[in-house]
Structures are given as C-alpha cells and as structure tokens.
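K.L.:
I need the structure of the sequence given here:
(one chain, ligands or ions: 2)
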Amino acid sequence: MTVLAIESSCDDTCAAVLTGENRVLSSVVSSQVALHEIYGGVVPELASRRHCENIRWVVEEALSEAELSLEDIDAVCVTRGPGLVGSLLVGVAYAKSLAYARKIPLIGVNHVEGHLLSPMLTNTELDFPFIGLVVSGGHTSLYLAKAWHDYELLGRTIDDAAGEAFDKVARMLELGFPGGPVIEKRAQSGNPEAVKLPRAWLGKESLDFSFSGLKTAVRTALERGLNRETGDQERAAFISDLAASFQEAVTAVLLRKTLLAAERFQVKNVAFAGGVSCNGYLRRRMSDEARAQGLNFFLAPPAFCTDNGAMIAQVGLRRLAAGLSDDLSLNPSSRLPL
Ligand code: KG4
Ligand code: ZN
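P.N.:
Ligands and ions are numbered 1, 2, ... in the order given. Predicted coordinates:
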C-alpha cells in the first residue's frame, strides 16, 4: 500500500508519500517562518492563505520526489485536527478533492497521534507499550501508548505548551522566531545554573505541566538583571545565561515527569516527540538520564520532530490497514482530542 499524506495544521505546508510498512519515499515541508517572523508568532489568516498558495506544488513535489503519480496512490491521509481551523481546512479540502477525483479512501488523522508515533518512523525496535512525551508549540502531553489506537493521557500542560514558552521567552529576550532554535543556539554560550528559575512540579505525584510561571520568572529576572548602565557585552552574557537557565528549567521538568511515568507504569520504552524534541540539549539530557535508568529511549530525526507529512502518513497507513477511512463529510476539528 502507498499513501499520500497532507499536513497543514499550523504554519507549515507538508506532504509525504509512504509505502509498505514504513518506507518514507518523500517528505516535503514548505515553511512559513519568513512570513510570520515579523509578527513574532503565527498569524492564522496569513497561514491559511499561504497554505492555499502552496498546497498544490507541495503535493506535486512529494509525488515527484517519490517518482510516483496520483495513479499510484492507494489512499489520501490528512491531518483533521487539532490545529488552526483555517489552516486545517485547506489540507482537508485538498485531500477530499484528490480522494474524490481518484475514487480512493480518504483518511483523517489526529495530529498529536502523528507526533506521538513519529519515533516509530525510524526506530523499528520501538514497540508498545511505551511512555510518549509530545512537546510542541501547541501541546505538552504525556501518554501511555498501550497499543496502536489505545492511548492513555497521563498528564498535560495546564497553561502554556513548552514550545509556546520557548517562543514567548525568545520574544522577551528579543532573539527572534521561532523561539526554540534561537534559544537553543543562544543557550550554548550561557550557564544553565546562572539564573535561579522555578520548576512547577504541581505536587509530588502529578504528571501535569505548567510553564506560565516560568515565563513570568524569566520576565522578572530580565527586568532585575538589566538596567540602563548594563554594557552591551554584559547584556549579551546575561541573555545567554537566562536562555540556558530557561532551557534547563524546561528540561528538568520534562525529564523528571517522564521518568516518573515510566516508573509508575513499569514501562521500559520511552519516546520523545514534537517540535521541541529537535532541541539538542533536551535530546542529550533526556536520553542520557533515561538510559542511566535502564530505559530504552527513542527519538525521531529532527525533520520528523517538527510538523511533517510522514508522521501523518504513518498513522494513515495503519488506519487503512485496519479498514478505517472517512467519507467526504470529514470536517477539521481545531480541538480534536486523542
Ligand atoms: O511540532 P511543531 O512543529 O508544531 C506544533 O505542532 O506546534 O512544534 C513547533 C514548536 C515551536 O514552538 C518551536 O519553538 C519548537 O517547536 N521548537 C523547538 C526547537 N525547534 C522547534 N523548541 C526547542 N528547541 C528547538 N530546537
Ligand atoms: Zn505539530
């Protein structure tokens, strides 16, 4: 079976082709970073308009890189939620038209399920059950993945997502957009222990997360740490320390709660996914500590951590194999639960 998948839930227009078990024949991503950069965040109306402009060539490019045509495709998969409704609509409408024209199955996929299973795209050893941590711009959730399609939500953020905190802190520190990569880069020259920042444990047993207090603490530290007399060099060093300390505070919380979940549910396999899992510091810290605890730790390569079509195709293939498909009444759902 060969499927085409479309992902347009936020600001990246993505398409991918997968065949057989899990062989990625192509994965094309058209980033809108340059469009949203000047606003310091994604502007939903601009994102959906840009998806309309891009979707046709992104799909054509994915087919051409796979050296296939639409006639070779057995099903069209598409992200149906959660996400920005205007952005989702473009992908869903385009996928419907392809499925209708070709008379092939249409398969709606949950974006978070795509992220959760994304480490399976390249790690054949990763099997159920596993503890899956999904951390992106819109989500910070911890799951017990028991089997395909059987996920228990163990904890989630009660306010901001960790990726959102990276983006907001980067804006505060005037480092640019998106926040994750710029904070990671800046943190390399900073000391993660230089600035004392809070960790929100929310109680000893809790598997939920909270990052809004941390964000406020960064703002307070910034106001206290800099004044009119601060020289350029001193200012640059302080910003680097603050970026490193913030990154460490996020890491400490994500790490401890993930290990706690693995221990509580006696699960040996742990997977870390979503845009924030691109972060080299987090990848290293999480994998070192998880392995030190005797756990098997799995990550996707960075191209499959941020939004991409391959992760949607992977779930779509499984749905197709299980005989699950949708009809043309499929609608996007901005708050689709997993
Ligand atoms: O998964 P994703 O592409 O989109 C959503 O589903 O939200 O994640 C985007 C998020 C952004 O908040 C971005 O700042 C964050 O992932 N991100 C990172 C890094 N690269 C992207 N966060 C920390 N470090 C990174 N290197
Ligand atoms: Zn995502």
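K.L.:
Tell me which residue of the stretch 51-200 of the chain lies closest to ligand 1.
P.N.:
Ligand 1 sits closest to G180 of the stretch 51-200 of the chain, with a gap of 1.9 Å, by C-beta to the nearest ligand atom. C-betas here are computed from N, CA, C, even on glycine.
K.L.:
Next, see if the helix or strand that residue falls within gets close to ligand 2.
P.N.:
According to DSSP states H and E, G180 maps onto helix 179-187. No: under the criterion of C-beta under 5 Å from the ion, ligand 2 is not reached by helix 179-187; the shortest gap measures 12.1 Å.
K.L.:
Could I get the buried residue list for the next helix or strand after that helix?
P.N.:
Next helix or strand after helix 179-187 toward the C-terminus (DSSP H and E): helix 212-225. Along helix 212-225, the positions that meet the burial threshold by neighbour count (16 or more other C-beta atoms under 10 Å) are 214-215, 217-218, 221-222, 225.
K.L.:
List just the nearest of the residues you listed to S189.
P.N.:
Among the buried residues of helix 212-225, G225 lies closest to S189 (C-beta to C-beta), at 16.1 Å.
K.L.:
Can you tell me how far that closest one is from ligand 2?
P.N.:
In this view, G225 and ligand 2 are 33 Å apart by C-beta to the ion, to the nearest Å.
K.L.:
Thought V195 was touching that residue, still the case?
P.N.:
Yes: between G225 and V195 there is a contact under C-beta atoms under 8 Å: 7.4 Å.
K.L.:
anything in contact with each of these two?
P.N.:
Residues within reach of G225 and of V195 at once, by C-beta atoms under 8 Å, 6 or more residues apart in numbering, are L242.
K.L.:
coming back round to it: now the residue of the stretch 51-200 of the chain closest to ligand 1: how far from ligand 2?
P.N.:
With distances taken as C-beta to the ion, G180 is found 12 Å from ligand 2.
K.L.:
roughly how far is the helix holding G180 from the heart of the chain?
P.N.:
Helix 179-187 has its average C-alpha position 16 Å from the chain's average C-alpha position, going by C-alpha atoms, centre = their mean, to the nearest Å.
K.L.:
Other residues contacting stretch 242-249?
P.N.:
165, 169, 173, 175, 183-184, 186-188, 190-199, 214, 218, 221-222, 225, 279, 281-282.
K.L.:
Alpha carbons of that stretch, as PDB, please.
P.N.:
These are the backbone C-alpha positions of stretch 242-249, laid out as PDB (Å, rounded to 0.1, in the frame of the first residue of the first chain):
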ATOM      1  CA  LEU A 242      19.000  33.400  31.000                       C
ATOM      2  CA  ALA A 243      18.300  31.400  27.800                       C
ATOM      3  CA  ALA A 244      20.400  28.500  29.200                       C
ATOM      4  CA  SER A 245      18.700  28.600  32.600                       C
ATOM      5  CA  PHE A 246      15.300  28.700  31.000                       C
ATOM      6  CA  GLN A 247      16.100  25.700  28.700                       C
ATOM      7  CA  GLU A 248      17.400  23.800  31.800                       C
ATOM      8  CA  ALA A 249      14.300  24.600  33.800                       C
END
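K.L.:
May I see the buried residues of that stretch?
P.N.:
Neighbour-count burial for stretch 242-249, with 16+ other C-beta under 10 Å as criterion, is recorded at 242-249.
K.L.:
And for stretch 3-22?
P.N.:
Under the neighbour-count rule (16+ other C-beta under 10 Å), stretch 3-22 has 3-19, 22 buried.
K.L.:
Where does the stretch 51-200 of the chain get nearest to ligand 2, residue-wise?
P.N.:
Among the residues of the stretch 51-200 of the chain, S136 lies closest to ligand 2, at 4.3 Å counting by C-beta to the ion.
K.L.:
quick one on the thing from earlier: let's test this: mean pLDDT of the helix holding G180, rounded?
P.N.:
Averaging the model's pLDDT scores along helix 179-187 yields 97.
K.L.:
Give me the contacts around it.
P.N.:
Outside of helix 179-187, the residues within contact range by C-beta under 8 Å, 6+ apart are 163, 166-171, 173, 175-176, 239-240, 243-244, 246-247, 275-276, 278-281.
K.L.:
please redo it, this time with the cut-off set to 7 Å
P.N.:
Contacting residues not belonging to helix 179-187 are listed as 163, 166-171, 175-176, 239-240, 243-244, 246-247, 275-276, 278-281 [C-beta atoms under 7 Å, 6 or more residues apart in numbering].
K.L.:
how's the chain carved up into domains?
P.N.:
Under the assignment automatic domain parsing, the domains of the chain span 2-116+304-321, 127-299.
K.L.:
could you give the mean pLDDT of the shortest one?
P.N.:
Per-residue pLDDT over domain 2-116+304-321 has a mean of 97.
K.L.:
and it, is it in reach of ligand 2?
P.N.:
Yes: remark: domain 2-116+304-321 sits within contact range of ligand 2 at D307, by C-beta under 5 Å from the ion.
K.L.:
Pull the distance from that domain to the chain's centre.
P.N.:
Here domain 2-116+304-321 shows a centroid-to-chain-centroid distance of 14 Å under the convention C-alpha atoms, centre = their mean.
K.L.:
What of the longest one?
P.N.:
In terms of C-alpha atoms, centre = their mean, the gap separating the centre of domain 127-299 from the centre of its chain is 13 Å.
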